[in-house]
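A.B. asks: Provided below for reference: sequence and predicted model.
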Amino acid sequence: MGSAPATVLSVRDLHVEIGGSRILQGVTFDTAPGGVTALLGRNGVGKTTTVRAVLGLLPDGGRITGGAVTLDGADVTAEPTHRTVRRGIGYAPEDRGVFTRLTVAENLALAERPGGAHHYDLVHDLFPELLARRAQLAGTLSGGQQQMVAIARTLLNDNRLVIADEPTKGLAPRVVTEVAEVLERAAARVPLLLVEQNLAVVRRLATHAAVLDAGRVVHGGDAASLLADRELTTGLLGVGSRAPSGRASAPRGDDVLGGAH
Ligand SMILES: Nc1ncnc2c1ncn2[C@@H]1O[C@H](COP(=O)(O)OP(=O)(O)OP(=O)(O)O)[C@@H](O)[C@H]1O
């Protein structure tokens, strides 16, 4: 057999300040070459900031003060977002980023990256409902359907990596299951970096995991052994610290990470 494929995204000792506060203080992890790498941790530890720093999408007053981000070996640290994305990143942001006054079809068309193939067959195969609703204004879709649009956009182009930030947040349990199924099928085609607070979803999808605490990655590696470590899940993920209401197919009281909204 040949050598193992190289990692797609590599984050090294990343430091970020926002408004003068040190938010990331040395974040280091690699995405797995295939499957799902979960970025985990309690609320406010810096998961979204990490993703936004990778994509050059830090808020006003935010800047990278140290460290490096590489994509397929190329240094993309602080590169303009459009250039990094063109290298092959699909991004489903936390707020879904759907254009509510445009139709489903228009939302997809806007995501078409020039110069590459556009996989409408795949998208319509994965999301038959979006095909049926292609003329519907995205603002009239349910939260779950809007999330489908956000994920569909990431699969339309040939991407090296898809980043999904809390794709199941705020969704009804049945819809969480549907979104998890779609993510699973997506991850069979393209490596996925997943920020996720629903532990049932993490258990189902994640092959690798990195756990953040106070702006640093404090654990990384194989997801199954990490999630089997009770001390770790209780201490760093806050599992069991809150009895979630309306949680997704959660047989136990530990399926939403600490402080999840
Ligand atoms: N625009 C901003 N201005 C000021 N502080 C910010 C801003 N964005 C994030 N922060 C701070 O950075 C820290 C990390 O936030 P971040 O959203 O990255 O955490 P997170 O792990 O993704 O949590 P959550 O699950 O709540 O999204 C928090 O203390 C937050 O208050």
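C.D. replies: Good, I have the coordinates.
A.B. asks: does any bit of stretch 170-185 sit next to the ligand?
C.D. replies: No: contact of stretch 170-185 with the ligand (Cβ under 6 Å from any ligand atom) is absent, the minimum separation being 12.1 Å. No exception for glycine: its C-beta is placed from N, CA and C like everyone else's.
A.B. asks: For the most centrally placed residue in the chain, give me its contacts.
C.D. replies: Central residue of the chain (Cα atoms, centre = their mean): A164, 2.2 Å from the mean position. Counting by Cβ atoms under 8 Å, 6 or more residues apart in numbering, A164 touches 92, 150-151, 154, 183, 192-196.
A.B. asks: between the residues you listed, which is nearest the ligand?
C.D. replies: V195 (6.6 Å; Cβ to the nearest ligand atom).
A.B. asks: so how many other residues sit close to the closest one?
C.D. replies: Counted with other Cβ atoms under 10 Å, residues neighbouring V195 total 21.
A.B. asks: Of the contacts of A164, which belong to strands?
C.D. replies: Judged by DSSP state E, the subset of the contacts of A164 located in strands is 92, 192-195.
A.B. asks: can you pick the most crowded of the contacts of A164?
C.D. replies: Neighbour counts for those, by other Cβ under 10 Å, peak at L192, which reaches 30 neighbours.
A.B. asks: isn't that residue right up against G34?
C.D. replies: No: using Cβ atoms under 8 Å, L192 is not in contact with G34, being 9.3 Å away.
A.B. asks: Would you map the strands across the protein?
C.D. replies: Ranges of strands in the chain, per DSSP E, are 9-18, 21-30, 36-40, 62-71, 74-75, 89-92, 161-165, 192-195, 208-213, 216-222.
A.B. asks: The first one vs strand 36-40, what angle?
C.D. replies: Think strand 9-18. Angle, strand 9-18 to strand 36-40, by axes from the mean of the first three to the mean of the last three Cα atoms, to 10 degrees: 20 degrees.
A.B. asks: now the second one
C.D. replies: Using the same axes, to 10 degrees, one finds that strand 21-30 and strand 36-40 are set 150 degrees apart in direction.
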